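Trainee: All I have is the shape, not the residue letters:
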């Protein structure tokens with residue numbers, strides 16, 4: 001069977017989104033299920049069936065969602081409503097929209113914690129410090145039974 005010529009193919013758009021918090025590796029299927037659930041609850045089955053969203057890439061703190069041209073604004077809005085992936089609290093932030101995945105790969109910047117990880121004490125609790133670019137600081141409680149995360153900037157950390 002011959003492939004369709006480009007003029008007869010369905011036009012697609014690709015949306016690049018960043019997954020927050022950083023540093024957690026997500027399963028592509030779990031991300032897809034969360035995106036579909038959020039989009040369906042926001043726009044309904046018929047609109048999402050027309051948009052045909054699919055997660056085509058999930059790695060390095062970024063995801064790429066494919067959809068039909070003309071529906072990218074609806075899907076980007078639905079991405080902003082995702083608040084959990086596999087029972088873990090997350091947020092998806094749209095970075096860019098393009099007609100090709102290649103153009104979006106150039107927009108992906110690797111996000112690595114800075115090497116200055118240490119310990120800090122707030123009250124009676126000890127926290128591990130993770131510093132990120134753009135002045136972001138995460139504090140993760142050291143404990144056996146549960147972990148609590150605090151989110152600061154470098155300025156907040158210096159005031160303590």
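Mentor: Yes, it's here. None of the values given here were measured: they were computed from a predicted structure. Numbers count the residues shown, from 1 in each chain.
Trainee: Just give me the residue right at the centre of the chain.
Mentor: residue 19 (1.9 Å; Cα atoms, centre = their mean).
Trainee: Helix or strand for that one, just tell me which one.
Mentor: Remark: residue 19 resides in strand 12-20, with elements defined by DSSP states H and E.
Trainee: Enumerate the positions of that strand that are buried.
Mentor: 12-19 (16 or more other Cβ atoms under 10 Å). Bear in mind the C-beta positions are built from the backbone N, C-alpha and C, glycine included.
Trainee: Give me the residues contacting it.
Mentor: Contact partners of strand 12-20, identified using Cβ atoms under 8 Å, 6 or more residues apart in numbering, comprise 26, 31, 56, 61-69, 71-72, 75-76, 79, 85, 90-101, 104, 107-108, 111.
Trainee: Quick check: helices, which of those residues are part of them?
Mentor: Cross-referencing these against helices under DSSP state H gives 31, 72, 75-76, 79, 101, 104, 107.
Trainee: List just the nearest of those residues to residue 2.
Mentor: residue 101 (23.9 Å; Cβ to Cβ).
Trainee: For that closest one, list the residues it contacts.
Mentor: Residues in contact with residue 101 (Cβ under 8 Å, 6+ apart) are 14, 56-57, 64.
Trainee: Can you tell me how far it is from residue 73?
Mentor: Remark: distance between residue 101 and residue 73 (Cβ to Cβ, to the nearest Å) = 19 Å.
Trainee: Is residue 35 within a helix or a strand, and which one?
Mentor: helix 28-43.
Trainee: thinking again about what came up before, take the ones in helices among the contacts of strand 12-20 and lay them out in CSV including distance to residue 51.
Mentor: Below are those laid out as CSV (distance: Cβ to Cβ, whole Å):
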residue, distance to residue 51
31, 17
72, 8
75, 6
76, 11
79, 12
101, 18
104, 18
107, 22
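Trainee: In those, which residue is surrounded by the most others?
Mentor: Taking other Cβ atoms under 10 Å to define a neighbour, the member of these with the most is residue 75, carrying 27 neighbours.
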